[in-house]
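[1] What follows is a predicted structure for the sequence shown.
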2 protein chains.
Amino acid sequence: MNVETALQRLKEKGYKRTKQRERILEIFVKQDQYIAAKEILKEIQNDFPGVSYDTIYRNLYMLTDVDILEATELGGEKHFRLGCDTHGHHHHFICTTCGKTKSIEFCPMDSINENLSGYDVENHKFEIYGKCPQCH
Amino acid sequence: MNVETALQRLKEKGYKRTKQRERILEIFVKQDQYIAAKEILKEIQNDFPGVSYDTIYRNLYMLTDVDILEATELGGEKHFRLGCDTHGHHHHFICTTCGKTKSIEFCPMDSINENLSGYDVENHKFEIYGKCPQCH
DNA sequence: ATTTAATTCGTAATGATTATTATTTCGAGA
DNA sequence: TCTCGAAATAATAATCATTACGAATTAAAT
């Protein structure tokens, strides 16, 4: 996923192209890892000193809505990263030091053999936490 | 796990027996589901109008530390429930409406076959979210 | 009963997120 | 190109969960 493709998808959905959105997308394309909202804010303030959290959150949620980003919760903060529609559904190893991730292709829902009749499964979370080779 | 057993374990670890702690434990023993901090506060204020969040959180974290409770994050809020040391390690289906859980004996770490050499695995989370039969 | 450290209370601070309103900007159509 | 309305943003302020802190209280050991 590159910036232009993402902006194209936004356009199809009726969203406008703004400098701030471009910049947000650039950040995610450049860094392939989970990033907290405040990191995004800090980064963008280099170019747009006045950006507010409102802009950040509104865009992060919107981008998650249209499946350009995906979100998870790390240490009480929402983190976002580029959705990987290239790999399809998968999970992550998440480094608890630097936040970098490694894709886990294995999905427990494929192997699980548990009786869940009567239960309406909407979602699931499988994440492995630890230290990546660099932080180890 | 009943209240007395829990208080016994606390005593062994050097923690004092207080009315507030008893009351917190009672709540968890009575309701076998994930509960948010503010629910605990509300419940306890019936008996102790003056309890502060400080007391709630300090105790919830302490009880999680000594493995009497276990924690998860639901909708941006930390939720707690009695730990289930009877069954050993397992996971949960969590109802996103009422917080009730169903044990999942299957653990993905037993089936996973992914190359994680160089990575130091410390922990993992596997949870299934949805509606339980009652809330469905 | 005395002592002491643990615990609680009352309240204030923090930090992430959400909401509000006025202003600006994008981009479709004249 | 110009104009206009909708969408997006800036600049706050408000909210909500969580954490912090000093003073007062209390459990329990001696």
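    Cool, the structure landed. Numbering: from 1, shown residues only, chains lettered A, B, ... in the order given.
[2] Any residues of chain A in contact with DNA strand C? List them.
    A:11, A:16-19, A:36-38, A:52-54, A:57, A:61, A:76-78 (Cβ under 7 Å from any atom of the strand). (Each C-beta comes from the backbone N, C-alpha and C, glycine too.)
[3] Please list all residues in contact with residue A:104.
    By Cβ atoms under 8 Å, 6 or more residues apart in numbering or on different chains, the contact list for residue A:104 reads A:90, A:91, A:92, A:93, A:126, A:128, B:112, B:114.
[4] Distance of the closest residue to it other than its chain neighbours relative to residue B:95?
    Counting by Cβ to Cβ, 6 or more residues apart in numbering or on different chains, residue A:91 is the residue found nearest to residue A:104 once chain neighbours are left out, at 4.3 Å. Per Cβ to Cβ, to the nearest Å, residue A:91 is found 22 Å from residue B:95.
[5] In chain A, where is pLDDT below threshold?
    Where chain A drops to pLDDT under 70, the residues are A:84-88.
[6] Which single strand of it contains the most residues?
    In chain A, taking DSSP state E as the definition, the longest strand is strand A:120-131.
[7] and the nearest residue to residue A:13 once chain neighbours are set aside, what does it touch?
    In this structure, residue A:13 finds its nearest non-sequential neighbour in residue A:66, 5.6 Å apart by Cβ to Cβ, 6+ apart. Residue A:66 sits next to A:9, A:10, A:13, A:15 when contact means Cβ under 8 Å, 6+ apart.
[8] quick check, the second one in a helix?
    Just to be clear, that refers to residue A:10. Yes: assessed with DSSP: H, G, I helix; E, B strand; the rest coil, residue A:10 lies in a helix.
[9] what's the neighbour count on residue A:49?
    Neighbour count of residue A:49, defined by other Cβ atoms under 10 Å in any protein chain shown: 7.
[10] Does residue A:94 touch residue A:131 like I think?
    No: look at residue A:94 against residue A:131 with Cβ atoms under 8 Å: they stay out of range, at 10.4 Å.
[11] measure the residue nearest the centre of chain A to DNA strand C for me?
    Centroid-nearest residue in chain A, with Cα atoms, centre = their mean: residue A:81, separated by 2.4 Å. The gap separating residue A:81 from DNA strand C is 14 Å, by Cβ to the nearest atom of the strand, to the nearest Å.
[12] Tell me the first helix or strand C-terminal of the helix or strand hosting that residue.
    Assessed by DSSP states H and E, residue A:81 sits inside strand A:77-82. Downstream of strand A:77-82, the first helix or strand assigned by DSSP H and E is strand A:91-95.
[13] so what secondary structure elements neighbour that following strand?
    strand A:69-74, strand A:101-104, strand A:120-131 (3 or more Cβ pairs under 8 Å, 6 or more residues apart in numbering or on different chains; DSSP states H and E).
[14] quick one: the residue nearest to residue A:104 from DNA strand D, how far?
    24 Å.
[15] Burial check on that residue, number of neighbours?
    The burial count for residue A:91: 24, using other Cβ under 10 Å.
[16] For it, give its distance to residue B:94.
    Using Cβ to Cβ, we find residue A:91 at a distance of 17 Å from residue B:94.
[17] Next: residue A:22.
    Distance from residue A:22 to residue B:94, counting by Cβ to Cβ: 38 Å.
[18] of the two, who's got more company?
    Legend: neighbour count by other Cβ under 10 Å for residue A:22 and residue B:94, higher for residue B:94 (25 against 15).
[19] Name the residues linked to the more buried one by a beta bridge.
    Counting by DSSP bridges, residue B:94 is bridged to residue B:101, residue B:129.
[20] contacting residues for it?
    Applying Cβ under 8 Å, 6+ apart, the residues contacting residue B:94 are B:34, B:72, B:74, B:100, B:101, B:127, B:128, B:129.
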